[in-house]
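Participant: Sequence first, predicted coordinates after that:
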Amino acid sequence: MDPSTNDPPATPGDVEEDLCHSNEHHVALMLRVKTGDVAAFEELMTLHQHAVIGTVAKMLGSPDDAEDIAQQVFIRVWKSAPRYEPQAKFTTWLFTITRNLVFNEMRRRQRKPAYSIEEREEEFHLSTPDHGAKGPDEAALQKELEDAIDAAIQTLPEKQRMAVILRRYEDMPYEEIGAILKLSLPAVKSLLFRARTQLKESLRDYLGDAD
């Protein structure tokens with residue numbers, strides 16, 4: 001054993017947590033759901049509802065409606081369970097369902113907007129993890145930046161918006177984003193490049209002009 005290695009040994013709790021977040025565990029649960037196992041379905045919801053609700057809220061710019069759409073996602077998961085086949089990562093399958101429902105909702109809103117962009121930007125705020133206590137001034141500046149990022153993301157086209165959210169907030173690899181959006185790897189990279197370029201321009205006042 002390398003004496004320079006200082007990582008602490010994995011505890012049973014760490015191993016259990018890794019298992020709960022592994023694709024194999026998610027697929028095993030979904031295969032139980034396929035047989036009508038309600039407890040397995042409830043566990044899957046517990047594991048993934050936060051990510052689904054967060055993604056929907058960020059996509060729609062409206063946290064008020066996020067839980068309703070997320071509920072539809074999991075209803076679709078339950079109804080689709082008899083046809084489920086583990087041909088991809090479970091999260092890829094889950095977020096493909098999420099993509100379909102949220103894109104449909106976005107297009108419905110474009111045909112019949114519920115409220116103005118200004119109202120949506122006022123009410124919507126994406127919270128990023130607080131990695132430490134901040135003083136009042138620093139916290140206010142951080143919130144102002146986060147609000148500016150939120151508003152800038154809302155101006156992106158739907159596929160760019162989804163790609164940025166999955167990458168930034170769910171830390172998804174390019175390959176999985178491509179599978180969800182039905183795009184090749186080069187297309188995903190191009191999509192994210194265009195999105196980041198637009199975001200950089202929108203946030204120029206906050207990021208400065210240093211290149």
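Facilitator: That came through, no problem. A quick note: this is a predicted structure, and the numbers were derived from the prediction, not measured. Numbers count the residues shown, from 1 in each chain.

Participant: Name the next helix or strand following the least confident helix or strand in the chain by mean pLDDT along the chain.
Facilitator: In the chain, no helix or strand scores lower on mean pLDDT, DSSP states H and E than helix 117-123, which sits at a mean of 40. The helix or strand immediately downstream of helix 117-123 is helix 136-154, counting by DSSP states H and E.

Participant: And the residue most central in space within the chain, its phi and psi?
Facilitator: Centroid check for the chain by Cα atoms, centre = their mean gives residue 55 as the closest residue, at 3.8 Å. Residue 55 adopts backbone torsions of phi -70, psi -40, taken as degrees, to the nearest 10.

Participant: so it touches residue 97, yeah?
Facilitator: No - using Cβ atoms under 8 Å, residue 55 is not in contact with residue 97; the gap is 11.4 Å. Placement of C-beta: from N, CA and C, glycine included.

Participant: contacting residues around the residue nearest to the centre of the chain?
Facilitator: 95, 98, 102, 165-166, 169-170 (Cβ atoms under 8 Å, 6 or more residues apart in numbering).

Participant: Identify, from those residues, the entry nearest to residue 183.
Facilitator: residue 166 (11.9 Å; Cβ to Cβ).

Participant: just checking, the closest one touches residue 180?
Facilitator: Yes - applying Cβ under 8 Å as the test, residue 166 and residue 180 come out as touching, 6.9 Å apart.

Participant: list the residues that contact both of those two?
Facilitator: Shared contacts of residue 166 and residue 180, counting by Cβ under 8 Å, 6+ apart, come down to 95, 172.

Participant: low-scoring stretches of this structure, by residue?
Facilitator: 1-20, 112-136, 208-211 (pLDDT under 70).

Participant: Tell me where it has helices.
Facilitator: 12-20, 23-34, 38-60, 63-80, 90-111, 117-123, 136-154, 158-168, 174-181, 185-202, 204-207 (DSSP state H).

Participant: Please parse this protein into its domains.
Facilitator: Structural domains assigned to the chain are 16-119, 139-211, following automatic domain parsing.

Participant: For stretch 41-58, buried residues please.
Facilitator: Across stretch 41-58, burial judged by 16 or more other Cβ atoms under 10 Å covers 41, 43-45, 47-48, 51-58.

Participant: Could you count how many residues lie near residue 138?
Facilitator: The burial count assigned to residue 138 is 11, neighbours taken as other Cβ atoms under 10 Å.

Participant: Actually, residue 29.
Facilitator: That count, for residue 29 with other Cβ under 10 Å as the rule, works out to 20.

Participant: So it versus residue 76, what's the distance?
Facilitator: Applying Cβ to Cβ, to the nearest Å, one obtains 16 Å for the distance of residue 29 from residue 76.

Participant: Just the buried subset of the contacts of residue 55, please.
Facilitator: By 16+ other Cβ under 10 Å, these give 95, 98, 102, 165-166, 169-170 as buried.
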